[in-house]
Structure formats: C-alpha cells, structure tokens
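Enquirer: Can you look at this prediction? I've put the sequence above it.
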Amino acid sequence: MTRSSKATSLEILACDAGWRNYHFVKVTTEDGIVGWSEFDEGFGSPGVGAAIQRLSARVIGQNVFQHERIHAELFAATRPAAGGVVAQALGAIENALLDAKAKCLGVPCYELLGGKIRDRVRVYWSHCATWRINHPSWYKPPIENLDGVKAMGREVREKKFTALKTNIFSYDDGKPTGWRPGFGSPFAPEINVDRKTLRDLRMHLEAIRDGAGPDVDILLDCNFNAKTEGYLKILRTIADLDMFWIEIDSFNPQALGYIRRQSPHPISSCETLLGLREFLPYFHEQAMDVAIIDTPWNGVWQSMKIASAAEAFEVNVAPHNFYGHLCSMMNAHFCAAVPNLRIMEIDIDRLAWDRELFTHEPEIQNGHLVIPDRPGWGTEPNEEALRAHPPKTTGGLLNYGRKG
C-alpha cells in the first residue's frame with residue numbers, strides 16, 4: 001500500500017548552546033507526526049535558517065514519504081546557487097523528513113537506510129582538552145597547563161574510551177591557547193607554521209599520550225590551519241608518534257593527495273564538502289584514507305550515496321559530529337547502516353543544560369555508542385527547554401578571534 005502523510009508546517013527553532021547556538025527544523029504532518037533535524041549556522045555558514053525558511057513553502061503540502069523527490073525539487077529550484085548554505089538547508093530539511101517518515105512507519109531511521117549493520121559504534125572523544133582550553137567557562141574543569149592536558153588523557157582512559165581527538169595549541173608561559181589561524185585566531189591569513197608551533201604541538205601530544213597511556217588511539221585535527229608546506233612540517237615533526245589519523249582540510253585535492261603520499265600517518269579530510277560532486281575529485285586523487293562526511297550538512301540520505309562512492313574507491317568514512325545530541329543520534333543511524341565505517345566522532349564534554357534540551361542522550365558503554373531502537377532518530381528537542389534558553393545573537397566561528 002502506498003503511504004502518504006503531507007507536511008502541514010515547517011518551523012525553525014534555536015536555543016543558547018554556550019559559545020554558540022543549536023538550531024532545529026520541525027516538520028509537522030497532517031497525521032500529527034513531528035519530524036526533527038538539527039543543523040548549524042555557527043561553523044562558517046550563517047544564514048542556513050533563512051534558506052530553510054525560504055524553501056519551506058515548497059515542502060508544505062508534499063508527502064514526507066517522498067523525501068528523495070522533495071530534495072530533487074529543492075535542488076532544481078536552487079541549482080544556479082547549489083552548494084554552500086543552500087545545500088545545508090536542503091540537508092536539514094531532508095533529515096527532518098527522514099525522521100517524520102520513520103515515525104510514520106514506527107521504525108528507527110536506520111531501517112530507511114537499509115537496516116543496521118552494527119548495534120554499537122566505536123566513538124572517539126572529540127575536542128579532547130580543546131573545549132576545556134578554548135571555552136573554560138562552559139566546560140569544566142578548565143585546563144591551564146600541561147598537567148591539565150595529561151590529566152585529560154588519563155580521564156579518557158579511566159572512562160574507558162579507546163580513542164580521542166585533540167587540536168593544535170600554542171603554549172606561552174606554560175598556558176595553552178588555541179592555535180586557529182585558519183579561523184582567524186590569531187589573525188594570520190598567510191597561515192604559516194613556525195618552529196614554536198611545532199614544538200608546542202609535539203609537547204601537547206606527548207602530554208596527552210602520557211595521560212592516556214599506550215592503548216588509547218590519538219587523532220589530531222589540523223583543520224584549515226596551514227597550507228601544504230605547513231602540513232608537511234607538522235607531519236615530519238610528529239612522524240614517530242603513533243597517530244590514528246591526522247585530519248587536514250584542504251580546498252585542493254591534488255595538494256591533499258601530495259600530502260597523503262608523504263605522510264607516515266593516515267589522513268582524514270572532507271568534513272566541509274557538500275554533495276558527491278565535491279567529494280569525487282578527492283576520491284579520484286586518492287587524497288585521504290578516511291572521508292569525513294557532515295551528515296547534518298549533506299542530509300543523511302545523500303550522505304549514504306557519498307559513502308557508497310567512497311566504498312568504490314576503497315575509502316572508509318566517518319561522520320563530522322560536534323553539535324547537539326540530535327546530531328549525534330542522526331550520525332549514529334548513519335554509522336549503524338553504512339558498511340565502510342571507520343569510527344564516529346562525539347563530544348563528551350557537554351554544557352550543563354544539554355541534557356535538558358533533548359528527550360534522550362546518546363548511550364555510551366565502554367567507548368561505544370549503543371544504537372537506539374526508538375522510532376525516528378531516537379531523540380527530539382524539548383521545546384519548553386529550548387524556550388528556557390533563548391538563542392544569542394553572537395557566537396560560533398564568527399566570534400573567533402574577536403576582542404571583547
């Protein structure tokens with residue numbers, strides 16, 4: 001029997017998330033079913049909500065079961081400006097439609113993706129030490145020296161996580177500061193890597209390894225913080241350290257392929273790419289060992305297509321996931337269903353009020369996320385709690401490096 005449930009409304013909601021905001025799409029159907037997704041405007045993409053709102057008129061009245069058709073129609077309507085903020089708006093809408101469709105059927109979203117392959121997904125503790133250094137007022141206890149970094153590594157091990165990811169820091173008089181010139185903090189548009197940065201990075205990684213012990217995998221995220229020359233300097237400096245991967249963002253697949261061929265460590269990349277067309281040049285170049293896919297940006301259904309292409313190029317995938325608990329659940333369903341999974345990112349340091357905002361938190365046991373079997377994504381925002389934490393007008397990447 002052909003199923004139908006038309007969307008009757010599409011709303012945008014947001015709330016305060018400490019140094020940024022969380023953003024949500026709420027799709028309501030004629031049957032009273034509500035589909036949710038989480039999206040983000042703080043990671044270099046202001047205006048996603050405005051694009052979603054503008055596109056909502058073409059969603060209302062359509063059958064939520066036909067999410068592929070709706071995505072194709074919205075893409076056609078925005079084709080001259082495909083990508084960027086527009087693509088993220090399409091991804092956010094698609095994810096809310098998937099949730100609504102799964103709830104209409106009374107099944108978890110992974111059933112729409114081909115069914116789950118695994119019941120548990122290995123996760124790594126992302127932004128390990130990073131949040132407590134860069135945002136000490138939101139994430140406790142603050143880290144103010146190498147002893148704190150070492151203690152953070154020990155905490156990861158004692159809480160039975162098997163992997164962690166950290167970032168690059170500058171140490172002045174023993175105090176760490178986030179080194180993020182690619183994001184304008186400090187403002188150094190040439191994004192060169194000097195000797196002090198290399199010494200400080202190695203010192204930081206050795207401290208976190210000292211605390212974590214020999215059996216915890218360590219990942220390093222370099223983001224967009226260097227050019228090819230700088231990334232090669234970093235790789236040479238830490239060549240003898242046993243790294244799970246080095247995460248590098250590059251706008252040039254040939255440059256990234258050149259880096260990978262000289263790297264002693266596996267390379268991951270592509271978390272800011274949108275759509276299969278953007279991934280393909282990196283696959284053809286064999287530019288990375290692990291393709292990172294941002295499923296809130298791309299939409300989980302479209303992300304499955306990207307993962308299938310990655311499989312054809314003998315590349316594993318991992319989700320980009322540093323948002324709220326709904327995004328973690330969306331990524332969990334992707335990880336449950338995709339064959340060529342490497343590992344899942346998740347932030348363990350959370351805001352004090354995060355648990356109020358969602359009906360369910362991710363369940364983590366011994367460093368693995370347990371895939372929920374509740375209908376849809378398995379969690380949804382608590383609207384009363386969202387209203388109790390109204391969104392700020394500042395925050396996110398746009399505030400990096402600003403004075404005052």
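Expert: That came through fine.
Enquirer: C-alpha from now on. contacts and neighbour counts both.
Expert: Will do.
Enquirer: Ala92 is in contact with Gly299, isn't it?
Expert: Yes - between Ala92 and Gly299 there is a contact at 6.3 Å, judged by C-alpha atoms under 8 Å.
Enquirer: Helix or strand: which one has the closest residue to Pro46 other than its chain neighbours?
Expert: Using C-alpha to C-alpha, 6 or more residues apart in numbering and skipping the chain neighbours, the partner closest in space to Pro46 is Val85 (7.6 Å). Using DSSP states H and E, Val85 sits in helix 84-105.
Enquirer: Output that helix in PDB, but only the C-alpha positions, please.
Expert: Provided in PDB are the C-alpha atoms of helix 84-105 (Å, rounded to 0.1, in the frame of the first residue of the first chain):
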ATOM      1  CA  GLY A  84      27.100  26.200   0.500                       C
ATOM      2  CA  VAL A  85      24.400  27.500   2.700                       C
ATOM      3  CA  VAL A  86      21.700  26.300   0.200                       C
ATOM      4  CA  ALA A  87      23.000  22.700   0.300                       C
ATOM      5  CA  GLN A  88      23.000  22.800   4.100                       C
ATOM      6  CA  ALA A  89      19.400  24.000   4.100                       C
ATOM      7  CA  LEU A  90      18.400  21.000   1.800                       C
ATOM      8  CA  GLY A  91      20.300  18.600   4.100                       C
ATOM      9  CA  ALA A  92      18.400  20.000   7.200                       C
ATOM     10  CA  ILE A  93      15.100  19.600   5.500                       C
ATOM     11  CA  GLU A  94      15.900  16.100   4.300                       C
ATOM     12  CA  ASN A  95      16.900  15.000   7.800                       C
ATOM     13  CA  ALA A  96      13.600  16.200   9.300                       C
ATOM     14  CA  LEU A  97      11.700  14.400   6.500                       C
ATOM     15  CA  LEU A  98      13.500  11.200   7.300                       C
ATOM     16  CA  ASP A  99      12.600  11.500  11.000                       C
ATOM     17  CA  ALA A 100       8.900  12.100  10.100                       C
ATOM     18  CA  LYS A 101       8.800   9.200   7.600                       C
ATOM     19  CA  ALA A 102      10.400   6.800  10.100                       C
ATOM     20  CA  LYS A 103       8.000   7.800  12.800                       C
ATOM     21  CA  CYS A 104       5.000   7.400  10.500                       C
ATOM     22  CA  LEU A 105       6.200   3.800   9.900                       C
END
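Enquirer: roughly how far apart are Ile234 and Gly211?
Expert: 22 Å (C-alpha to C-alpha, to the nearest Å).
Enquirer: Same question for Ile93.
Expert: 42 Å.
Enquirer: can you count the residues close to Ala81?
Expert: 11 (other C-alpha atoms under 10 Å).
Enquirer: quick one on the thing from earlier: more neighbours: Ile93 and Gly211, which one.
Expert: Ile93 (31 against 21).
Enquirer: Is the more buried one in contact with Val25, as I believe?
Expert: Yes - between Ile93 and Val25 a contact is recorded at 7.0 Å, counting by C-alpha under 8 Å.
Enquirer: which residues are in contact with both of these two?
Expert: Any residue near both Ile93 and Val25 by C-alpha atoms under 8 Å, 6 or more residues apart in numbering counts here, and that gives Ser37.
Enquirer: where along the stretch 51-200 of the chain do the helices fall?
Expert: 67-78, 84-105, 130-134, 146-158, 195-212 (DSSP state H, counting those that start in this stretch).
Enquirer: what's the offset of stretch 232-246 from the middle of its chain?
Expert: 23 Å (C-alpha atoms, centre = their mean, to the nearest Å).
Enquirer: and Gly404, what pLDDT?
Expert: Per-residue confidence at Gly404 stands at 45 (pLDDT).
Enquirer: let me fix that: Thr2
Expert: The predicted structure lists Thr2 with a pLDDT of 66.
Enquirer: quick one: low-confidence parts of this protein?
Expert: Residue ranges of the chain with pLDDT under 70: 1-2, 401-404.
Enquirer: Please look at Ser303 and Trp297 and confirm they touch.
Expert: No - the criterion here is C-alpha under 8 Å, and Ser303 misses it with Trp297 at 9.1 Å.
Enquirer: quick one: the strands in the stretch 301-404 of the chain?
Expert: For the stretch 301-404 of the chain, the strands defined by DSSP state E, counting those that start in this stretch cover 316-319, 344-346, 363-365, 368-370.
Enquirer: Of all the ones you listed, which one is nearest Ser328?
Expert: Ser328 lies closest, by C-alpha to C-alpha, to one member of the strands of the stretch 301-404 of the chain: strand 344-346, at 6.9 Å.
Enquirer: What strands flank the closest one, and is each parallel or antiparallel?
Expert: strand 120-125 (parallel) (DSSP bridges).
Enquirer: For the strand it pairs with, list the C-alpha coordinates in PDB.
Expert: Output of strand 120-125 as PDB, limited to C-alpha atoms (Å, rounded to 0.1, in the frame of the first residue of the first chain):
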ATOM      1  CA  ARG A 120      27.300  -0.500  18.700                       C
ATOM      2  CA  VAL A 121      29.600   2.100  17.100                       C
ATOM      3  CA  ARG A 122      33.100   2.900  18.400                       C
ATOM      4  CA  VAL A 123      33.400   6.600  19.200                       C
ATOM      5  CA  TYR A 124      36.300   8.900  19.800                       C
ATOM      6  CA  TRP A 125      36.200  11.700  22.400                       C
END
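Enquirer: Going by neighbour count, list what's buried in that strand.
Expert: Using 16 or more other C-alpha atoms under 10 Å as the test for burial, strand 120-125 gives Arg120, Val121, Arg122, Val123, Tyr124, Trp125.
Enquirer: Could you tell me how many residues sit around the closest residue to the last one other than its chain neighbours?
Expert: It stands for Trp125. Closest residue to Trp125 apart from its sequence neighbours, by C-alpha to C-alpha, 6+ apart: Leu164 at 4.4 Å. Leu164 has 26 neighbouring residues, counting by other C-alpha under 10 Å.
Enquirer: Likewise for Pro375?
Expert: That count, for Pro375 with other C-alpha under 10 Å as the rule, works out to 20.
Enquirer: got a list of what it touches?
Expert: Contacts of Pro375 by C-alpha under 8 Å, 6+ apart are Ala102, Lys103, Gly106, Val107, Pro108, Cys109.
Enquirer: Just the buried ones from those?
Expert: Ala102, Lys103, Val107, Pro108, Cys109.
Enquirer: wouldn't the last one be in contact with Ala102 here?
Expert: In this case it means Cys109. Yes - the criterion here is C-alpha under 8 Å, and Cys109 meets it with Ala102 at 5.4 Å.
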